[in-house]
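A.B. asks: This is a predicted model, with the sequence first.
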Amino acid sequence: MHIATDGETYGHHHTYGEMALAYALDYIQTRKLARITNYGEYLSLVPARYEVLIHESSSWSCVHGVERWRSNCGCNSGRAGWHQEWRKPLREALDWLRDRVAPCFEGEGARYFKDPWLARDGYIAVLLDPGPENSSRFEEEHFVPGLDRDEKVNAWKLLEMQRHAMLMYTSCGWFFDELSGLETVQVIQYAGRVVQLYEQVFGDPIEAEFERRLAFAKSNMEEQGDGAAIFRNFVKPAVVDLEKVCAHYAISSLFEPYGEQTEISSYSVQRLDYHVREAGMLHLGMGKAEFASKVTGEAKVLVFGALHFRDHNIVGAVKPFDDSATYEKVLSQVMDAFSRGEIPEVVLLLGRRFGDKTYSLKSLFRDEQRRILKKILASTLAEAEAVYQNLYQNHAPLMRFIACLNSPVPKELSATVEYSINSGLRRLLAVDELDLARITSLIGEAKDNNVQLDVTTLEYTLRRTVERSAERFAADPGDLDVLEELLGALRVASYVPFPVILWAVQNKIYEVYLRSYKRIAGKAAKQDVRAKAWISTFRSLAALAEVRVE
């Protein structure tokens, strides 16, 4: 029997589909109903006897062949009134870029590689195992002997350029409806990386021409404009170089100190000098470090400075390291101005000594940006929560009375009670020792006041709490106290008026069942009191988690 389905069916398109598939495979195998194989194994056991011709320019998701990836053929995700005229000019722009860089790769690559295209194809081995030893083996196999450091950097950049020239043709970039959609922007970002690396290696500016060609691709959304606007708004800000990594390092160091050596995404940082000063809400950091790409080997020593005023107001500056005397002079001037409280002078010095380009919180990589924003917002949100809680506590009886009369509660008061109850529940559900009585009380208040619960946040908060408890139990399954703690957490999850996603918890419980249940059951059979209590509690836990125990 031959079965072929899209891998995304299991779990992505159909929730819990991967669990159903795992169960089905286990059921078939354990009962020896069939032998499960794959095409590779089957072909090795039963070699092909016939050849077939593939129908060229055909696909499973476009009745027009492969037009979905190059024209407005009518195949789309179903957004009424939208067209996909942008597909053709986008592909033409990428084709132009590909054809512009390919001969340059081949010509320049001949200086660095024994066979440029063979090296390009073999580069996959480095991507799958990017360690230094594997990279060295690749250099020995494909690089021309005797290359110096800068030449090796250029060689790796050429390989990365070709990798992104292939990535920019990722299928989903054309599959959906809109030019400014996530998938299409991603393929334009891949193209942006090709442009960046080409200009770095060859010194030939091609960005303007590429942008001009992208402008022929028009968005369905007036506010997004065309491909050129999307390139400027979404791709250019996402471009990363060593200077931007340095700015990220400088700004984020004000919120969480780094060690002497650290890694930021695919870059490594060796700190050479660092000074930090604080004055009330003001924070200043300045220093120098070597920043290196772990992909291309490119490295620079850069000097940086960052000043945090308050809230989101941050300014950062980066410049190449000239010499120790110049660095010490700039450091002394900036630190002296800060110590005297001359903040405008500090900003002026950062601009004058570091150049016109400055960086802000927007310059951080997205994950770090969100983490720091959360940190900045913490005190503000705490202040707001205290105000809401005070209002609610002072006027809760009045709001209950209004609710009893079936009269509409003024929006100002309903917003207060909704925020207070949801924030209170969030705090209660976030702690490891869950207090069911207080949680029950707050849920009751929510019901009495017709409060809409923030189900998304509350479910995630409780789910993570239960998962932490399950992880502790899996790490020490024999501890009855930890087992009872998890049972209590699951009772809370079963009580709250919204479903909690518990597949990770179920997996941990089943893991303990396979690993420890029989052993402890054996002790219980010998009248071990603690083992008998463990078995009873575990069976209650499994029943609550809907995990079958035989």
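C.D. replies: Sure, I can see it. Numbers count the residues shown, from 1 in each chain.

A.B. asks: Confirm for me that Tyr112 is in contact with Trp156.
C.D. replies: No - shown here, Tyr112 and Trp156 do not form a contact pair, counting by C-beta atoms under 8 Å, at 9.1 Å. Glycine gets a C-beta too; all of them are placed from N, C-alpha and C.

A.B. asks: my guess is Phe175 meets Val66, correct?
C.D. replies: No - assessed by C-beta under 8 Å, Phe175 is found out of contact with Val66, at 11.4 Å.

A.B. asks: Run through the strands of the stretch 351-500 of the chain in chain order.
C.D. replies: Secondary structure of the stretch 351-500 of the chain, counting by DSSP state E, counting those that start in this stretch: strands at 358-359.

A.B. asks: show me where pLDDT drops low in it?
C.D. replies: Applying pLDDT under 70 to the stretch 351-500 of the chain flags the ranges 409.

A.B. asks: Kindly report the same for the chain.
C.D. replies: 409.

A.B. asks: now what about stretch 132-147, what contacts it?
C.D. replies: 111-115, 118-119, 122-123, 125-126, 152, 155 (C-beta atoms under 8 Å, 6 or more residues apart in numbering).

A.B. asks: So which bits of that stretch are buried?
C.D. replies: For stretch 132-147, the neighbour count (16 or more other C-beta atoms under 10 Å) marks 135, 138-139, 142-143, 147 as buried.

A.B. asks: what do you get for stretch 151-164?
C.D. replies: 152-164.

A.B. asks: ditto for stretch 439-449
C.D. replies: Result for stretch 439-449 [16+ other C-beta under 10 Å]: buried residues 439, 442-443, 445-446, 449.

A.B. asks: If you count surrounding residues, which of Phe175 and Val66 has more?
C.D. replies: Neighbours per residue, other C-beta atoms under 10 Å: of Phe175 and Val66, the larger number sits with Phe175, 19 against 16.

A.B. asks: in the stretch 351-500 of the chain, which spans are helices?
C.D. replies: 366-404, 411-430, 436-448, 455-475, 480-495 (DSSP state H, counting those that start in this stretch).

A.B. asks: Which one, of those helices, ends up nearest to Asn233?
C.D. replies: helix 366-404 (15.3 Å; C-beta to C-beta).

A.B. asks: From the contact counts, what lies against that closest one?
C.D. replies: Contacts defined by 3 or more C-beta pairs under 8 Å, 6 or more residues apart in numbering; DSSP states H and E place helix 366-404 against helix 242-252, helix 411-430.

A.B. asks: thinking again about what came up before, rebuild the helices of the stretch 351-500 of the chain as JSON lines, extending it with distance to Arg277.
C.D. replies: Formatted as JSON lines, those follow (distance: least, C-beta to C-beta, whole Å):
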{"stretch": "helix 366-404", "distance to Arg277": "19"}
{"stretch": "helix 411-430", "distance to Arg277": "35"}
{"stretch": "helix 436-448", "distance to Arg277": "44"}
{"stretch": "helix 455-475", "distance to Arg277": "37"}
{"stretch": "helix 480-495", "distance to Arg277": "45"}
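
A.B. asks: And the ones you listed: which comes nearest Gln29?
C.D. replies: Using C-beta to C-beta, the helices of the stretch 351-500 of the chain put helix 455-475 closest to Gln29, at 24.9 Å.

A.B. asks: buried stuff in that closest one?
C.D. replies: Quick answer for helix 455-475 (16+ other C-beta under 10 Å): 458-459, 461-463, 465-467, 469-470, 472-474.

A.B. asks: picking up where we left off before, which member of the buried residues of stretch 151-164 is positioned nearest Gln369?
C.D. replies: Using C-beta to C-beta, these come closest to Gln369 at His164, 23.5 Å.

A.B. asks: ok, so what distance separates that closest one from Glu243?
C.D. replies: 20 Å (C-beta to C-beta, to the nearest Å).

A.B. asks: Hmm, Ile206 and Tyr198 touching each other?
C.D. replies: Yes - counting by C-beta under 8 Å, Tyr198 touches Ile206, with 6.3 Å between them.

A.B. asks: now the helices for the stretch 101-250 of the chain?
C.D. replies: Under DSSP H, counting those that start in this stretch, the stretch 101-250 of the chain gives helices at 116-122, 124-128, 132-142, 149-167, 172-175, 182-202, 207-214, 227-230, 242-252.

A.B. asks: Name the surrounding residues that touch the first one.
C.D. replies: Contacting residues not belonging to helix 116-122 are listed as 105-106, 109-110, 113, 138, 141-143, 158-159, 162 [C-beta under 8 Å, 6+ apart].

A.B. asks: Can I get it as CSV, trimmed to CA atoms?
C.D. replies: Coordinates of each C-alpha in helix 116-122 appear next as CSV, following Å, rounded to 0.1, in the frame of the first residue of the first chain:
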residue,chain,number,x,y,z
PRO,A,116,33.6,27.2,-8.3
TRP,A,117,30.4,25.3,-9.1
LEU,A,118,31.6,22.1,-7.5
ALA,A,119,32.5,24.1,-4.4
ARG,A,120,29.0,25.7,-4.5
ASP,A,121,27.3,22.3,-4.6
GLY,A,122,29.6,20.9,-1.9
